[in-house]
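A.B. asks: structure for the following, please:
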Amino acid sequence: MKNIILLFKKILGKKIVNKLYIYKQFYFFKPWKTKPLEFWTLLNLILLKTKPSSILELGSGKSTYFLYEYASQNNINLQSIEHNKSYFNYLSKILNSFFGKNLNYLKFVPIIGDWYDINKINNKFDFLFIDGPNIISKNKIQKSVRNSSKAINFFRNIINQCKIIIIDDTHRTGVMDLIDKMSIKDKFVEFYYSNSTNKIRVYYKNEYEEYILKISNEIKVLSDKTVFNKITN
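C.D. replies: Alright, predicted model coming up:
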């Protein structure tokens with residue numbers, strides 16, 4: 001773990017890492033399992049290599065901070081979609097505090113039926129991060145599901161334009177159903193984290209295969225095997 005933190009600081013700078021440790025203390029990171037530093041290292045290395053010009057994130061959270069950082073530094077478009085109004089307001093305040101201004105990257109999009117209101121989502125992007133919607137919002141069970149027919153139709157028309165597609169919670173049946181119906185043809189690496197109970201996949205275009213497999217294996221060697229212990233391609 002010490003090696004990972006040193007690598008992380010070298011890549012991103014001490015200021016960002018120190019902010020992350022402060023950021024983890026806020027309430028909204030504690031109710032669910034979060035990804036380890038190894039994944040955030042991987043995410044940032046992928047961003048640096050693939051240089052996306054437009055990013056869509058479904059389900060805001062810790063990842064939003066890193067995507068905000070990349071988008072603001074490179075002056076590109078980011079849509080981070082959140083359907084929980086209370087969480088949206090809370091996270092907006094946190095991000096505005098960190099960055100000193102409202103960059104308008106965070107976007108409130110309600111659930112219509114069983115998925116996001118598609119009319120409020122721009123479908124022009126080349127980097128996709130799927131981590132929502134989640135069924136629990138404001139302590140109530142919502143009807144939203146990730147494998148909604150609306151989601152499948154939305155993604156089928158645009159996934160080929162993506163350099164990278166990251167899909168969280170691939171241990172869930174509904175998420176795997178979404179993946180199957182999206183018919184993604186790209187190769188992927190898949191990681192276990194949180195004591196091998198949670199999974200996340202990174203799909204990539206062929207031109208990035210050598211790079212992603214190299215950094216994935218390097219991070220695996222350095223990582224704590226109990227939180228980041230398997231790669232499949």
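A.B. asks: beyond the lowest-mean-pLDDT helix or strand in the chain, next helix or strand please.
C.D. replies: Within the chain, no helix or strand scores below helix 14-23, which has a mean of 49 by mean pLDDT, DSSP states H and E. Along the chain past helix 14-23, the next helix or strand (assigned with DSSP states H and E) turns out to be helix 37-50.
A.B. asks: what residues sit buried inside that next one?
C.D. replies: For helix 37-50, burial by neighbour count (16 or more other Cβ atoms under 10 Å) applies to 37-47, 50. C-beta here means a position set from N, CA and C on the backbone, and glycine is covered the same way.
A.B. asks: go on, stretch 211-228?
C.D. replies: By 16+ other Cβ under 10 Å, the buried positions in stretch 211-228 come out as 212, 215-216, 219-220, 222-223, 227-228.
A.B. asks: any low-confidence regions in the chain?
C.D. replies: Across the chain, the ranges flagged by pLDDT under 70 are 1-33, 135-142.
A.B. asks: quick one on the thing from earlier: so which two of the buried residues of stretch 211-228 are the farthest from each other?
C.D. replies: 212 and 227 (19.5 Å; Cβ to Cβ).
A.B. asks: which SSE is the spatially most central residue of the chain in?
C.D. replies: Centroid-nearest residue in the chain, with Cα atoms, centre = their mean: residue 129, separated by 4.4 Å. Counting by DSSP H and E, the element that carries residue 129 is strand 127-130.
A.B. asks: just how off-centre is that strand within its chain?
C.D. replies: In this view, strand 127-130 has its centroid 6 Å away from the chain centroid, taken as Cα atoms, centre = their mean, to the nearest Å.
A.B. asks: could you pull out the buried residues of that strand?
C.D. replies: Buried, per 16+ other Cβ under 10 Å, within strand 127-130: 127-130.
A.B. asks: burial of residue 152, as a residue count?
C.D. replies: 18 (other Cβ atoms under 10 Å).
A.B. asks: which residues are in contact with it?
C.D. replies: The contact partners of residue 152, taken as Cβ atoms under 8 Å, 6 or more residues apart in numbering, are 178, 181-182.
A.B. asks: need the contact list for residue 228.
C.D. replies: Listed by Cβ under 8 Å, 6+ apart, the contact set of residue 228 reads 36, 38-39, 191-193, 219-220.
A.B. asks: between which two of those is the distance greatest?
C.D. replies: Farthest apart among the contacts of residue 228 - using Cβ to Cβ - are 192 and 219, which lie 13.1 Å from each other.
A.B. asks: okay, the residue nearest to residue 228 when sequence neighbours are not counted and residue 196: tell me how far apart.
C.D. replies: With Cβ to Cβ, 6 or more residues apart in numbering as the criterion, residue 228 has its nearest non-adjacent residue at 4.3 Å, and that residue is residue 38. Using Cβ to Cβ, to the nearest Å, residue 38 is found at 14 Å from residue 196.
A.B. asks: for the nearest residue to residue 217 once chain neighbours are set aside, give the beta-bridge partners.
C.D. replies: Leaving aside its sequence neighbours, residue 217 sits nearest to residue 231 (Cβ to Cβ, 6+ apart; 6.7 Å). For residue 231, the beta-bridge partners under DSSP bridges are residue 191.
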